[in-house]
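Undergrad: quick one: sequence plus predicted model below, questions after.
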Amino acid sequence: MGVYEKFKYPGVNLKVAMEMGLKEDEYKNACDILGREPNYIELGVITAMWSEHCSYKSSKKHLKKFPTEAEWVVQGPGENAGIIEVDGDICACFKVESHNHPSYIEPYQGAATGVGGILRDVFTMGARPVCAMNSLRFGPLNNDESVHLLEGVVSGIAGYGNCFGVPTVGGEIYFHETYQKNPLVNAFALGLVDRDKIFYAKAEGKGNPIIYVGAKTGKDGIHGATMASEEFSEESESKRPNVQIGDPFKEKLLLEACLELMQTDYIVGIQDMGAAGLSSSSFEMASKSDTGVELDLEKVPVRETGMTPYEIMLSESQERMLLIAKKGYESKVKEIFDKWDLDAEVIGKVTDDGFVRLNWNGEEVANLPAKSLADDAPVYDRKYAEPENQSQIKNFDLSSVDDPGGYPAILARMLSNPNIASKKWVYRQYDHMVQTNTVFLPGSDSALLRVKGSNKGIAVSSDCNGRYCFVDPYEGGKAAVLESALNVAVSGARPKAVSDCLNFGNPEKEGVMWQFVRSTDGMSEACKILNTPVVSGNVSFYNETESKAILPTPTVVMVGVLDDINKRIPSFFNKRGSNIIVAGN
Amino acid sequence: MKAGVVVFPGSNCDHDCYYALNSILGINTEYIWHKEGSVKGFDLLVLPGGFSYGDYLRCGAIAKHSPVVDAVVDFAEKGGHVLGICNGFQVLTESGLLPGALIRNKNLKFICEYVSVIVENAKTGFTSYYNDGEILNIPIAHMDGNYYIDEKGLNDLLENEQVVFRYCDADGGISEEDNPNGSVYNIAGVINKKGNIMGMMPHPERCCEPLLGGNHGYYLFESIKNFLKGA
Amino acid sequence: MKVKVEVRFKEGVLDPEGQTILNTLNRKGYDFVSDVRVGKVIELEVEDGIERYEQKIEEICHSILANPIIEDYRIIY
Amino acid sequence: MKVKVEVRFKEGVLDPEGQTILNTLNRKGYDFVSDVRVGKVIELEVEDGIERYEQKIEEICHSILANPIIEDYRIIY
Ligand SMILES: Nc1ncnc2c1ncn2[C@@H]1O[C@H](COP(=O)(O)OP(=O)(O)O)[C@@H](O)[C@H]1O
């Protein structure tokens, strides 16, 4: 009996495809590429790969306008993370990414696995993570739900980062009613890597073994990527995938094992399994290298008996990596993972025919062209238009705000606003000192790290004011870049490059798309003028619940370099009697 | 002298301790892998902070069953000097080398911040560069630093001057308010009767350089380095 | 009187703590143990006359003691 | 077959988690609850023929699952 009968996979037609999340023309397009209808496993893989989350189909066109190059940029967008030069061969590798939807469903685990995912993005490239940050948005704290989400998210970030041993050195947090049912959790990580030790997601060398390492595969988060590409509704609640549980301890072992392996010359390429798990990692590796891969899915280490090939391809279990070793070095690789008590299993090999072939106990169950599926993924030029009431929003009459009665009262009201009040409650829960590099602790304008073995320092700040962006997305986008650059600059560092996380509502709505286009225009403009290219980032659309979108929130994380750590400038008054000077206007 | 930093799976202050001992204090230092069955040739062993085995079950509970801990116990029983910091302190109480136990902070949250601690006993090999009653500014970073010991145990500790550090306010005043985690008697660090095994929740390795905002921790390592000098 | 509530991960949800304990047991030679799952047991001291509170206890379990998205609970009287 | 081990704080050891839950319950109006204690329940899947293992399970509890300084345990077959 073949796999399709055994697991009772349904036949595929347009209806099935649409239920899974493909649009009609996307399905037709897929059939054209294949020259036939896909089977059920193939359909699952295509749907995940072509989801907004994995394919950037609504944003691709607009992301092209970001400046991405400068002398110090070692790796721009398109890899797991961006890389810039810090000091000679010492480079910084960083990225920010959203984990909004999972954090709303289960705040602790959602935030924790968000941190885990971004750390993997950084260490797959060979970099040891040296700091983390996060940018958070919640509804106002006047109700239990918001408090529950805030507490859960903060302890999830703490739980994962602290155990992993990366200092969480800063971030931002903001409250507004539009985030009530759509909190934002954007996680950032930065690692250090030597220029000649950078690793890429390459599947090269016909016959080279593909090795699966890390945690076993379970039924976690199947279709998570598709879910992150839809609005929330009663219906999506019921389609909810199994919540992913993070295991920071395992990730710490995976980090050490991978970095140890990367000191050897046993491996060709490595890729983490993030959204859409094994599907996207195997396709990306094959399509980037113009090769192919063949996987024997029954060899994938699984956590539960009875897992089907479909589930194995789409599982989003955490703490897993795929690596390509040089032929003949399989046992050397295994030895290193053994030392760290981790699974390492050869599950396939690199081919040269451009196809991703999936086998199950000898039977071929899927066969897809890697490059054309990746390259011919749908790209939309979505319509956009300024919302009709935008001028009304913009011409808000400030005199309509009531006066609390003089400056002292205004100051008191401002300071008691959670958006302005001290964030110590949050960052006290994060280990922000581990690794002994944190020179400016949270509470400063930017975090500042020393770089052991160098005189330089790295400054990082994350900023975005969603209300500015709502009133005027163009100016708001500019302001986000500028604010983060200023925060970095006041520590004494020169802003060098940006990673961004673009959180918006449903891009199929013209008004939302307009916010997106205008914000990114503004950001591009500011990045060009400041000469701070965008080297990595992430887009999160569909942040809507019951058709209400969040404030446009393009989070900007600016990374800067301070040439001499001894010339740093703290953001506090240091001495009684110092002069106070206001600069700018 | 030669120092060893024990590395458990999940240790994450191992590099920091190594850096403090080796790069800042110039002590010959090596890592010791948890699967090692022997710790010959060392004069000082440091059990670093972190989350050994993910801190699953109880902090330090699983690390206690590593082969290296048997060797550490043996080393300590023969008079070798052992310093447990944070998770290392938890491993020492779990394995019975130090009295008491460390349970969840009273607010159930992880706490990372600079705190004040008062030196209660500057006569140990680990604290001789301090003065009795000196106040140190030193970071803590833990979820389970709430030191528990029963009354009889506490009396023993006091009688034998085994309480080394206590949480206090900036002027050395001691009250429940300045007790970040709920520890009995505001205890932040203890030593065994023989004076060769010390455990503490605060992280001296995080404050050994003015660049990082303080160097009060430096003197702890300087004390033990001087004490073991010529060893 | 006392009411006991057992809370644990649902079937299929990863239990890293259980897995870590299992590895330790096996490493120490206790290989007759093939799986470990860890949960919580919460003991409530309540006023006598439990019948009056049954529904409220159910409510407590559902909304406070357990996280229904990843956990199941069981009330033991 | 399954063996359950309940581990909890000894009488007299303060249980911060239990206290916090108690405060929450009382704040939410569940004032018929007067005390809460939180413990762990560890379920072991073991080979059949438990009689052979009873002693070893006792050993596991004593040396690994519970810390006798602060915790008691109870094995439930
Ligand atoms: N979610 C968070 N995680 C960690 N640190 C945070 C977070 N939110 C705020 N902080 C820290 O609190 C301090 C104040 O933040 P914020 O009020 O955003 O400052 P500013 O308005 O000056 O940028 C900063 O040092 C920031 O890094």
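TA: Thanks, I have it.
Undergrad: helices or strands next to the helix ranked longest in chain C in the packing?
TA: Secondary structure of chain C per DSSP state H: the longest helix is helix C:16-27. Other helices and strands packing on helix C:16-27, by 3 or more Cβ pairs under 8 Å, 6 or more residues apart in numbering or on different chains; DSSP states H and E, are helix A:248-262, strand C:33-46. (Each C-beta comes from the backbone N, C-alpha and C, glycine too.)
Undergrad: tell me what angle that helix forms with strand D:33-46.
TA: Comparing the axes of helix C:16-27 and strand D:33-46 via axes from the mean of the first three to the mean of the last three Cα atoms, to 10 degrees yields an angle of 40 degrees.
Undergrad: out of the helices and strands packed on helix C:16-27, which is the most enclosed?
TA: Comparing the helices and strands packed on helix C:16-27 by mean neighbour count (mean count of other Cβ atoms under 10 Å in any protein chain shown), helix A:248-262 comes out on top with a mean of 23.
Undergrad: ok, back up a step: only the buried residues of the longest helix of chain C, if you could.
TA: The neighbour-count check on helix C:16-27 (16 or more other Cβ atoms under 10 Å in any protein chain shown) flags C:16-22, C:24-25 as buried.
Undergrad: quick one: that helix to chain centroid distance?
TA: Remark: helix C:16-27 is offset 18 Å from the chain centroid, using Cα atoms, centre = their mean, to the nearest Å.
Undergrad: what sits against the residue of chain B at minimum distance from the ligand?
TA: In chain B, the residue that lies nearest the ligand is B:Cys112 (10.8 Å; Cβ to the nearest ligand atom). Contacts for B:Cys112 (Cβ atoms under 8 Å, 6 or more residues apart in numbering or on different chains) come out as A:162, A:427-433, B:139-141.
Undergrad: now do A:Glu335
TA: By Cβ under 8 Å, 6+ apart, the contact set of A:Glu335 is empty.
Undergrad: for it, helix, strand, or coil?
TA: helix (DSSP: H, G, I helix; E, B strand; the rest coil).
Undergrad: that one and A:Ser146, how far apart?
TA: Distance from A:Glu335 to A:Ser146, counting by Cβ to Cβ, to the nearest Å: 49 Å.
Undergrad: check B:Phe165 too.
TA: Taking Cβ to Cβ as the measure, B:Phe165 falls 39 Å from A:Ser146.
Undergrad: over to C:Lys4?
TA: Remark: distance between C:Lys4 and A:Ser146 (Cβ to Cβ) = 32 Å.
Undergrad: more neighbours, these two?
TA: The residue with more neighbours, out of C:Lys4 and A:Ser146, is A:Ser146; 20 against 16, by other Cβ atoms under 10 Å in any protein chain shown.
Undergrad: now the residue of chain B closest to the ligand: phi and psi?
TA: Main-chain torsions, B:Cys112, degrees, to the nearest 10: phi -130, psi 110.
Undergrad: please name the nearest non-neighbouring residue to the closest residue to chain C within the stretch 401-550 of chain A.
TA: The stretch 401-550 of chain A approaches chain C most closely through A:Thr545 (17.0 Å), counting by Cβ to the nearest Cβ. Spatially, and ignoring its direct neighbours in sequence, A:Thr545 is nearest to A:Lys181 (3.8 Å; Cβ to Cβ, 6 or more residues apart in numbering or on different chains).
Undergrad: unless I'm mixing things up, that neighbour is touching A:Ala549, no?
TA: No. A:Lys181 lies out of contact with A:Ala549 (Cβ atoms under 8 Å); the separation is 11.0 Å.
Undergrad: which bits of chain B sit near chain A?
TA: Within reach of chain A by Cβ under 8 Å from any Cβ of the partner chain, chain B has these residues: B:9-10, B:12-13, B:15-16, B:19-20, B:49-51, B:53-56, B:109-113, B:139, B:141, B:143, B:203, B:205-206, B:208, B:211-213.
Undergrad: need the pLDDT of the closest residue to chain C within chain B.
TA: When scored by Cβ to the nearest Cβ, chain B has B:Tyr56 as its residue closest to chain C, at 4.2 Å. We have a pLDDT of 95 for B:Tyr56.
Undergrad: number of nearby residues for it?
TA: 24.
Undergrad: sorry, back to before: out of the residues of chain B next to chain A, which end up buried?
TA: Buried by 16+ other Cβ under 10 Å: B:9-10, B:12-13, B:15-16, B:19-20, B:49-51, B:53-56, B:109-112, B:139, B:141, B:143, B:203, B:205-206, B:208, B:212-213, out of these.
Undergrad: assumed C:Lys4 was part of a strand.
TA: Yes. Under three-state DSSP, C:Lys4 falls within a strand.
Undergrad: give the closest residue to it in space, chain neighbours not counted.
TA: In space, and not counting its chain neighbours, C:Lys4 is closest to C:Ile76: 4.3 Å by Cβ to Cβ, 6+ apart.
Undergrad: show the pLDDT at the one you found.
TA: Taking C:Ile76 on its own, its pLDDT is 90.
Undergrad: count of neighbours near the closest residue to the ligand within chain C?
TA: Using Cβ to the nearest ligand atom, the closest approach of chain C to the ligand is made by C:Asn67 at 22.3 Å. Using other Cβ under 10 Å, C:Asn67 has 19 other residues around it.
Undergrad: okay, and it sits in which element?
TA: Of the helices and strands defined by DSSP states H and E, none includes C:Asn67.
Undergrad: and it, what pLDDT?
TA: So C:Asn67 comes in at 90 (pLDDT).
Undergrad: I'd say it and A:Glu106 touch.
TA: Yes. Counting by Cβ under 8 Å, A:Glu106 is a contact partner of C:Asn67 at 7.1 Å.
Undergrad: assign the residue of chain C most remote from its centre to helix, strand or coil.
TA: In chain C, the greatest distance from the average C-alpha position (Cα atoms, centre = their mean) is reached by C:Gly29, at 26.9 Å. Following three-state DSSP, the label given to C:Gly29 is coil.
Undergrad: equivalent analysis for A:Ile157, please.
TA: Judged by three-state DSSP, the three-state class of A:Ile157 is helix.
Undergrad: just the pLDDT at residue 7, thanks.
TA: Chain wasn't specified; assuming chain A. Note for A:Phe7: predicted pLDDT of 83.
Undergrad: that's the wrong chain, I meant chain C
TA: pLDDT, C:Val7: 96.
Undergrad: in the stretch 201-350 of chain A, what residue comes closest to the ligand?
TA: Closest point on the stretch 201-350 of chain A to the ligand, by Cβ to the nearest ligand atom, is A:Pro248, at 17.2 Å.
Undergrad: close enough to count as contact, C:Gly12 and A:Gly306?
TA: No. Assessed by Cβ under 8 Å, C:Gly12 is found out of contact with A:Gly306, at 10.6 Å.
Undergrad: and those two? Which one has more around it.
TA: Using other Cβ under 10 Å as the criterion, C:Gly12 and A:Gly306 rank with C:Gly12 on top: 13 against 8.
Undergrad: ok, and the closest non-adjacent residue to the more buried one?
TA: Spatial nearest neighbour of C:Gly12, excluding adjacent residues (Cβ to Cβ, 6+ apart): A:Lys219 at 5.5 Å.
Undergrad: ok, that neighbour - contacts?
TA: Shown in contact with A:Lys219 (Cβ under 8 Å, 6+ apart): A:242, A:304, A:307, A:311, A:315, C:12.
Undergrad: thinking again about what came up before, okay, the residue of chain B closest to the ligand and A:Ala459: tell me how far apart.
TA: Taking Cβ to Cβ as the criterion, B:Cys112 is separated from A:Ala459 by 20 Å.
Undergrad: what about the helices in the stretch 1-150 of chain A?
TA: A:3-6, A:14-20, A:24-34, A:40-49, A:52-55, A:60-63, A:100-105, A:107-123, A:144-164 (DSSP state H, counting those that start in this stretch).
Undergrad: can you give me the buried ones in the first one?
TA: Spelled out, it's helix A:3-6. Those would be A:3-4, for helix A:3-6 by 16+ other Cβ under 10 Å.
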